[in-house]
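**Q** Sequence and predicted structure are below.
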Amino acid sequence: MPPLSPATLLVLVPLLPLAGAVLTLVLGRVLGSRAHLPAIAGIAAAAAVAVMLLLGTSSQVGSAHDPHAEPVRPVEMITTLWQWASVQDAYVPPASSAAAIPGTAVGGAGSAARAFTIPVALRLDPLTATLLAIITCIGLVVAIYSVGYMHHDPGYPRFFAVFSLFVFSMSMLVAASNFLVVYVFWEAVGACSYLLIGFWFTRPEAARAAKKAFLVNRVGDFGLAIATFLLWMTYGTLDFHDTLSADGTILPGILGQTRLADAGGIVGGAVGTAICLCLLLAACGKSAQLPLHVWLPDAMEGPTPASALIHAATMVTAGIYLVARSAPLFMACPDALAAVSIVGATTALVAGLIATVQNDLKRVLAYSTISQLGYMFASLGTGTLLGFTAAIFHLVTHAFFKALLFLGAGSVMHSMGNVIDMRRFGGLRRIMPITAATFLAGALALAGVAPFSGFFSKDEILASLHGKGWPNAHGEHHDAAPASHARRALSPGEARGEGATAFRVASLTRSPAAAPTAVLDTPQTFRVLFWMALVTAGLTAFYTFRAVFMTFTGPTRVPEEAGHHAHESPPVMALPLLILAVPSAVAGWWLFSSQWLAHFLTATPSFSAPAVTATAVPHAFHMDLAIQGTLAAAIGIVIAAIGHLGRRSDGPQMERFLGPLQTFFANRCYIDQLYAGLVVRPLEGLAIMAALFDRFVIDGLVNGIARLPAALGGVVRRLQAGLLQRYALAGVMGVLAIVLVLAWRLRG
Amino acid sequence: MNGALLELSPGMLLAGSVTAAAAGLWLLLPRGAESRVARSLGLMLGAVALAGFIVAGRRLGGVGEDAVFLTVALVAVVSGAATIVTRSPVYSAIWFALSLAGVAGVLLVLGAQFLGVATIVVYAGAILVMFLFVLMLAQPAGLAPYDRVCNEPLLSAVAGAVLLGLLSLSIGRLSSDASCCAAPSKAAAVQSMKTGSGATGSQQQPAATIAEPADADPLAIDQVARLGGELFGRHLLAVEVAGVLLLAALIGAIAVVTRGEAALEHDRRLAGAGGRR
Amino acid sequence: MTPLLAAGSTALLHNALLVGAILFALGLVGILARRNLIVMFLSAELMLQGISVSLVAWSRYHGDWGGHVLVIFVLTVAACEAAVALVFVLQAFARTGRLDAAAWQALREATLPRAVDHALPASDAVPPRWPRLARAGVEPPTDEDASLEREHV
């Protein structure tokens, strides 16, 4: 069997789950309880292909353990499926703008007119490969779990169809090489999320939650749309990659290597900051950051496997992916970067605080997700290579242990007869040992206890924040001049696969942009953010182990709804838990010690931009930060143990010492109420006004016109009084009138 | 042929007379409260109107003819006006009888001897007596409250005035424009009869056996016989139909009365049982 | 020959037509205005008289029998009409006890109230017909339509 080219493999990754989804939709009724087979087959095949792609890309990147090797060259492969839109000679940009074709002048030798083209192009680079592997592998594990969890649900085929559709959409999102195609699949994952949150749509809470999720995501999508428009206006193209025009000139993509190699290629200033803030808005919507986080806790109305996959591991990471991919754009606007960090750290802290007083296990995990995503944003916003890679590292480890925790919660919920309020059960480790053990592993990872995976990724994030807050603390120096990394020659052999384009260096004669002045991007800001992150680490440990202790320790109590369900989950559900527990435990240590991921990711074009690589520091393990992080976690665990270890979960909680703050956090800081007052009520008022207008003015007009004949009739009716002589008089007068008219005409 | 004595155009004269007549009628018609002023004013206006009509009439050649015609016409018209204006229905019937006498007189002047007498006999002798019977049966008191009021007196008077104005104006135009209705000569009439004989159908009698149909000479000795010949000759079918009509009316009247009795009995029984409709 | 005797005399025609028209108009006013059924019929007969005069005038003018014959038929029809109409008048009187043309208002619109005589002097107003009540009864609202029923002729 001839080996398939990477391009074909890349297309197969989204295509196989799509085929699975279509088959499940078509054959779902026929297959009945076996409706999971096409979906799982598709996702499993896609997972295998994604792992193959990952290994293949990794081999291209080379080994990490050669510190004296030349700087990592970016690896990317583009394959264009078809041209979605193509308008030739759409407009002629000003000669000095970033949208102008380099090497051409208006009226010069080449044509300066730009075409509007949207190719459906997929890309393969380290970032994409990593995310594809995560999406498909975790998708596979969760799909296997769902076979057991959704076993008796009447919507069984629909679940798997939407599930596979989601895997397809998410894969396309991370593989797309054009902002508009990303937008399309951004919306698609939002739609799949809506379908899955509202899976049990007959429940009004689920329907409402699905609507809320979709509408809040819409606000973010608006940001992405504005960003897309601004990008088009600024750069004249929406492609990430460079394309070759018909006469051989290179049209630089927004994140293409020619533009990134040029120091002044990325536009900064007001326009650049606007683009970055719009992208940040989109990311906040999708990744549930302040102030658009309100949909994620309500999204727990959906089935737990959906929460595990979408709202923990994959969909919510789309925002992280977007910001990471657009790293060079952000690097040109330091204030936007700082804004990313501020939003992230603030969200992490607030979500952590809210999570401490939640009594619903899934809500605790939801707020924990928001908090961890905040960590990732905080890390991205540092604008250093360490920060970017740490965020992706945390994304990977978080995907594993959060999915594990959610599946464990699902296992608990399944046994307890759909009861998930922690105060109603307790001491479950005696009846569900596997679930308890794996949940504990995930909790340790989440809390950041060494040597579990979360510890390492969180440590790197803290290190990046610390590095920005105290720039010289560890003797790192950032090379401000990108000159040594500019204008590297790219060999034609970089590109592989059919349909790929070859690159040619074009001389860029644009002057470098002036260094932007930073308002938010100051070390003081990052010091504050560092302390916030540290406090959040302690809170994370606290609420995680509070949940663990309330659920699994103390006297064994089972609610009545459990009935005969109160036992360990069947193997089809327990096996995925065990599978996920392994990387939660060891992945962090392995990735950190081998530095494989960090090295691998630096080959991403976005991260190999000179602006980013200039911030690279030699890898080191900072013991002081590790101690600070572990101390915070330990304090949190101890306090949780004091309050909840071994006690009844419905007893007096120690959170009562918070006093009024507990009510404040229990009501989610009243943000939902704020939205209701600021947005929902005015809209309802507007709708009521429109309804009143419709009912009284428009309907009134129509009814009034209808009443006109009736009114006229009422007037005429009075002529019919029943008096015979009046009728006779009327008849006579009529006849006389006719005769008069006739006589008048016939006179003379 | 016009004997207009005044400088007013005939149209204006007629219009004025008609208006005066309408106003007079309106004032004279019973309108609830008795008002001597209204009655006298109405009478005066009526007189004025009559004068106007007399002036607008044509002279008939001799004073004698004028006087005769004027007398009978006045009797007819004034009695007719009194019929509709009197409050008491019994008086109204009496005035109607007088009006009938006047009309009979006019008919006699016009040379319709049989008809004049027939009017008296049939109308005054039979119909009017029937009316009086019913009146005495239904309203022995003679006067009832609803006899004192009218239904829309003004509009009725106006309608009558408009009608009268139209009619009199067209009559005036008729007689002043001689060409529009030239009297055909007897021979021409016979000629048209003979030529039109094929179209008129079986009603046509042979011209030799019956008296000339166009010969309505009032001074003829056998005028009534001629009328009879005309009736039973050309209009035989119509006469028979009229007879059947009379029979039908007779039977119908009896039928309604007897069924009406039964219905009344039925209603009486219902009312007696305690249910008011 | 004097115009009175000559056929084709326009003057006689004119005068007679005028008389006929006046009688007809008077009869019309009588029918429209008077409320007593008998007087209404008398006015109708008056109209018929006017028509008779006009017809005979034309007949005299043209010198033929057409008008005469028509008047005879008019006479016949008037007799039939009078007979039948008076039967109905008697029926109506038997039900309502009056000869008032305005007593029957059942053809009016359902939402309209009964028309009342405002011109009638109060002293001549028709007294209401009270139903027989129990000794301590309350005076009910009169319903003219229902109270038109008579128990006996």
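**A** All right, it came through fine. Numbers count the residues shown, from 1 in each chain, chains lettered A, B, ... in the order given.
**Q** Helices of the stretch 251-400 of chain A, residue ranges please.
**A** Shown for the stretch 251-400 of chain A, the helices assigned by DSSP state H, counting those that start in this stretch span residues A:257-261, A:269-286, A:295-298, A:304-308, A:318-325, A:327-331, A:334-355, A:361-380, A:385-415.
**Q** Quick one, which of these gets closest to chain B.
**A** helix A:295-298 (71.5 Å; CB to the nearest CB). C-beta coordinates here come from the backbone N, C-alpha and C atoms, glycine included.
**Q** Which other helices and strands does that closest one contact?
**A** Applying 3 or more CB pairs under 8 Å, 6 or more residues apart in numbering or on different chains; DSSP states H and E, one finds that helix A:295-298 contacts helix A:204-235, helix A:361-380.
**Q** count of neighbours near residue A:222?
**A** When neighbours are defined as other CB atoms under 10 Å in any protein chain shown, residue A:222 has 14 of them.
**Q** Name the nearest residue to it, sequence neighbours excluded.
**A** In space, and not counting its chain neighbours, residue A:222 is closest to residue A:281: 7.5 Å by CB to CB, 6 or more residues apart in numbering or on different chains.
**Q** close enough to count as contact, that neighbour and residue A:217?
**A** No. Residue A:281 lies out of contact with residue A:217 (CB atoms under 8 Å); the separation is 11.2 Å.
**Q** if I look at these two, which residues touch both of them?
**A** Common neighbours of residue A:281 and residue A:217, using CB atoms under 8 Å, 6 or more residues apart in numbering or on different chains, are residue A:292.
**Q** which ones are touching the residue nearest the centre of chain C?
**A** With distances taken as CA atoms, centre = their mean, residue C:40 lies nearest the centre of chain C, 1.8 Å away. Going by CB under 8 Å, 6+ apart, residue C:40 touches C:30-31, C:34, C:101.
**Q** Mind telling me what element it is part of?
**A** helix C:37-62 (DSSP states H and E).
**Q** immediately after that helix, which helix or strand?
**A** With DSSP H and E, the next secondary element past helix C:37-62 is helix C:66-96.
**Q** and that next one, does that touch chain A?
**A** No. On the criterion CB under 8 Å from any CB of the partner chain, helix C:66-96 is out of touch with chain A, staying 11.2 Å away.
**Q** what mean pLDDT does stretch A:725-733 have?
**A** The average pLDDT within stretch A:725-733 is 92.
**Q** And the contacts of it?
**A** Here stretch A:725-733 makes contact (CB under 8 Å, 6+ apart) with A:719, B:151-152, B:155-156, B:159, B:163, C:28, C:31-33, C:35, C:101-102.
**Q** Could you do stretch A:616-631 as well?
**A** Here stretch A:616-631 has contacts from A:67, A:384-386, A:448-450, A:455, A:458-459, A:462-463, A:466-467, A:474, A:476, A:478, A:534, A:537, A:595, A:598, A:602, using CB under 8 Å, 6+ apart.
**Q** now for that stretch, what's the gap between its first and last residues?
**A** Terminal residues of stretch A:616-631 are spaced 28 Å apart (CA to CA, to the nearest Å).
**Q** Return the set of buried residues in that stretch.
**A** Of the residues in stretch A:616-631, A:616-617, A:622, A:625-626, A:628-630 count as buried by neighbour count, 16 or more other CB atoms under 10 Å in any protein chain shown.
**Q** burial measure for the closest residue in space to residue A:253 that isn't next to it in sequence, as a count.
**A** Leaving aside its sequence neighbours, residue A:253 sits nearest to residue A:239 (CB to CB, 6+ apart; 4.0 Å). Residues near residue A:239, counting by other CB under 10 Å, number 25.
**Q** so what's residue A:239 up against?
**A** By CB under 8 Å, 6+ apart, residue A:239 lies in contact with A:119, A:121, A:177-179, A:251, A:253-254, A:256.
**Q** and the gap between it and residue A:289?
**A** According to CB to CB, to the nearest Å, residue A:239 stands 27 Å off from residue A:289.
**Q** which residues of the stretch 101-250 of chain A fall in strands?
**A** Secondary structure of the stretch 101-250 of chain A (DSSP state E, counting those that start in this stretch): strands at A:114-124, A:243-244, A:250-251.
**Q** Done for today, thanks.
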